[in-house]
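Colleague: Provided below are the primary sequence and the corresponding predicted coordinates.
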Amino acid sequence: MGLKLNFGAALKSQKADNQTATHSKPRVLLVDDEAPNLRVTERYLAPYYEVMTALSGGEALELIDSLEEGKELSAIITDHVMPKMTGVELCVELNKREHPAPRIILTGFAELNSVIAGINDGNIFGYLTKPVEKSALLSTVARATSRYAAREETRRLTKMAEELQEQHQILLDIIEQEKLDKLTAQFRGQQSPQKMNLAVVFADIIGFDGLPTLSATRLM
C-alpha cells in the first residue's frame, strides 16, 4: 500500500496555526462615514488590534470581498447613521452572507430603538452609544474578538478530529484488507493440487503362451 497516514503532520499544522494566532493581533474592521470619528476610534483600537477602515457600508462590503484567505476579520464595528446603507443594514447584509465576525453598532440615543429592533436580523453582538467611551469600546471589542477566536478554535479542532477519524477509518480498512488477503492466500495454498506417484501395470494375457509381457508407466 502506498497510502501514508500522517497524524503527526495534522497535529503539527494545528500547533502552527495556534502559534500564529497567538502572536498576531486580531483583525477588526471599523466603518464610519465621518473621517474624524474614524480616526479617533482607530486610535483607541490600534494598540491592540490590526484595524482596517471603511467610510461606508458599500466600501466595507467591497473590502470584505477583497480579503485574501487567512486574513479573516475577528470583529466589525460600524456606525449606524450613514448615507445609503445604515449600520444595521450593513449587519443584516453580513448576516445574509453568513459572515462569521461579531458585529458591534455605534449609535446615538435618538437611533437606539431602530438599532435594537435590528439586532436579531443583523445578528448584532452588541451596541455602544455615542460618544463612545474608550474603556467601554475596548471591553466590548475584546469580548467580541474572544468569542470569534473561541468559535474558530472549535471549528479548527472539529475539522482536525474529522480528518483524523477519516484517516483512522482508512487505516482500519487497510488492516482488514490485509487480513483478508492473507486468509485468501492460505486457503488457496491448502486447496492447491498435490503431486502423487502412480504406477500402472499392463499385462497381456490373451493367447497367453508364456510369461506375460509387463509394462509400467509412471504417471505424475
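Modeller: That came in fine, so what should we check first? Residues are numbered from 1 along each chain as shown.

Colleague: can you pull out the helices in this protein?
Modeller: 7-23, 35-45, 57-66, 87-96, 112-117, 119-122, 134-190 (DSSP state H).

Colleague: contacts for the third one next, please.
Modeller: Spelled out, it's helix 57-66. With contact meaning CB atoms under 8 Å, 6 or more residues apart in numbering, helix 57-66 is reached by 29, 31, 52, 54, 73, 76, 78, 82, 84-87, 89-90, 93-94, 99. Heads up, the C-betas are built off the backbone N, CA and C, glycines and all.

Colleague: returning to what we had before: need the helices of the chain in TSV with mean neighbour count, can you?
Modeller: Compiled in TSV, the helices of the chain are given as follows (neighbours: other CB atoms under 10 Å):
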stretch	mean neighbour count
helix 7-23	11
helix 35-45	15
helix 57-66	16
helix 87-96	21
helix 112-117	14
helix 119-122	16
helix 134-190	13
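
Colleague: and those helices as a markdown table, adding mean pLDDT?
Modeller: Formatted as a markdown table, the helices of the chain follow (pLDDT from 0 to 100):
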| stretch | mean pLDDT |
| --- | --- |
| helix 7-23 | 52 |
| helix 35-45 | 95 |
| helix 57-66 | 97 |
| helix 87-96 | 96 |
| helix 112-117 | 89 |
| helix 119-122 | 90 |
| helix 134-190 | 87 |
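
Colleague: so which of those helices comes closest to residue 128?
Modeller: The closest of these to residue 128 is helix 134-190. By CB to CB, the value is 5.9 Å.

Colleague: from the chain's centroid, how far away is that closest one?
Modeller: 10 Å (CA atoms, centre = their mean, to the nearest Å).

Colleague: from the contact counts, what lies against it?
Modeller: Applying 3 or more CB pairs under 8 Å, 6 or more residues apart in numbering; DSSP states H and E, we find helix 134-190 packed against helix 7-23, helix 35-45, strand 75-79, strand 103-107, strand 126-129.

Colleague: what about the shortest one, average pLDDT?
Modeller: Confidence over strand 126-129, taken as the mean pLDDT, stands at 93.
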